[in-house]
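Engineer: after the sequence you'll find the predicted model.
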Amino acid sequence: MNKDLLKPFIVATGVLPERIWRALYTLDVDERLKCEEIRLRQDRPVTVKVNGRYIPVSLDGNVIYASNSDISETLDKATSYSIHTYEGQINSGFITIKGGHRIGVCGEKRSDDKNGFAYPYSLNIRIAKQISGIAEKLFNDGFDNTLIVSGAGEGKTTLLRDSVRYLSYKYNVSVSDDRYEIAGSGGGKASFDVGYCDVSSGGSKEKTVYELMRSMTPDIIAFDEITEEKDANALLSAYHCGCGFITTLHGKSPEDLLKRSVYKKISEEGIFGRVVFIESENGERRYTLYKSEERDAESAGSGYGDRFMLGNRTFCKKISFKS
């Protein structure tokens, strides 16, 4: 077994208390390789997500329960015992640790004027991984402005990471990595192979997109998760300045792209040339690429099958494969 394949699991579990860490290492190697999430809920069993299923972990034949002190110790380790320096991230409900692994935080909010949690009750460690070869299938014929769409935890960031790596060998690619997840940067060094990209970590998408356009002359700007109006405005500014982009958002179908106003705004601009949908079932992911084509809009329909309408463009299915 190549130890590098287990490195994401090793790094992500390094912030856990010893007894939980030991329990996780009773999982067999294949389960550790395929582990996507580790969940700690106060006074509830510690569970892992493997092949799309949540299973409890045990030590010496006993299911491990997470205590309040387990959750506190994990947060202390994740923040290098300086939790106040991560206040901005925690206020947003997550912490990103070395390796690009994101720890979701949930609990009782503070009652004073400050943000954050008075009592964190639940943690969700999402294990970031490197994949190679998916982007090559999607961009082997060139690049056009690309949107990656899937539900939560189904691999948007992982595909985005591989895409910027692959595209960086052909184009000048800049990355706005506001949550330190795409490159997994820490201490001035990326944890993942993102090729020849220029990475700006930690700042807001709105600010860094403008900075990257001015300073790095990118052909393509990449960033993760359009969630706010200002994210959409930054993307549209890049587009109108002649800069290409690749980005992600939450959704399951083309119809989802028109339900929220921030999604509808960019969809109706007709600025995308490619849309990639990711679907996950039993731990296996399917990638489906749709490309914009010049064709009679009325004949396209709006269903999610071989083709659909988005803005003033018709998108037709090109390839679909599992990984």
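Structural biologist: Yes, it's here.
Engineer: strands of the stretch 51-200 of the chain, start to end?
Structural biologist: Shown for the stretch 51-200 of the chain, the strands assigned by DSSP state E, counting those that start in this stretch span residues 53-56, 58-59, 62-63, 94-97, 101-109, 117-126, 146-150, 173-177, 198-201.
Engineer: any chance of those in CSV, plus distance to Ile278, mean pLDDT and mean neighbour count?
Structural biologist: Using the backbone N, CA and C atoms, a C-beta is placed for each residue, glycine as well. Written out in CSV, the entries for the strands of the stretch 51-200 of the chain read as follows (distance: least, C-beta to C-beta, whole Å; pLDDT from 0 to 100; neighbours: other C-beta atoms under 10 Å):
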stretch, distance to Ile278, mean pLDDT, mean neighbour count
strand 53-56, 19, 94, 12
strand 58-59, 32, 95, 15
strand 62-63, 32, 96, 10
strand 94-97, 21, 89, 22
strand 101-109, 18, 90, 18
strand 117-126, 15, 90, 18
strand 146-150, 4, 95, 24
strand 173-177, 19, 95, 28
strand 198-201, 23, 93, 20
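Engineer: stretch 152-169: which residues count as buried?
Structural biologist: Neighbour counts using 16 or more other C-beta atoms under 10 Å place 154-168 of stretch 152-169 among the buried residues.
Engineer: got the CA positions of that stretch in CSV?
Structural biologist: Output for stretch 152-169, consisting of C-alpha atoms alone and laid out as CSV, is shown next (Å, rounded to 0.1, in the frame of the first residue of the first chain):
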residue,chain,number,x,y,z
ALA,A,152,-23.0,19.0,-0.7
GLY,A,153,-20.1,16.7,-0.2
GLU,A,154,-20.3,15.1,-3.7
GLY,A,155,-16.9,16.3,-5.0
LYS,A,156,-17.2,19.8,-6.4
THR,A,157,-14.0,21.1,-4.8
THR,A,158,-12.1,17.9,-5.6
LEU,A,159,-13.0,18.2,-9.3
LEU,A,160,-12.2,21.9,-9.2
ARG,A,161,-8.8,21.1,-7.8
ASP,A,162,-8.0,18.6,-10.5
SER,A,163,-9.3,21.0,-13.2
VAL,A,164,-7.0,23.9,-12.2
ARG,A,165,-4.1,21.5,-12.1
TYR,A,166,-4.7,20.2,-15.6
LEU,A,167,-5.6,23.5,-17.1
SER,A,168,-2.6,25.3,-15.6
TYR,A,169,-0.3,23.4,-18.0
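Engineer: next up, the contacts around the residue nearest the centre of the chain.
Structural biologist: Ranked by distance to the mean C-alpha position of the chain (C-alpha atoms, centre = their mean), the top residue is Thr157 at 3.0 Å. By C-beta atoms under 8 Å, 6 or more residues apart in numbering, the contact set of Thr157 is Ala128, Glu181, Ile182, Asp224, Thr248.
Engineer: quick one: the helices in the stretch 101-250 of the chain?
Structural biologist: In the stretch 101-250 of the chain, helices defined by DSSP state H, counting those that start in this stretch lie at 134-139, 156-167, 205-215, 229-240, listed in chain order.
Engineer: for Leu40, which of those is the nearest?
Structural biologist: Ranking the helices of the stretch 101-250 of the chain by distance to Leu40, with C-beta to C-beta as the measure, places helix 156-167 first at 21.6 Å.
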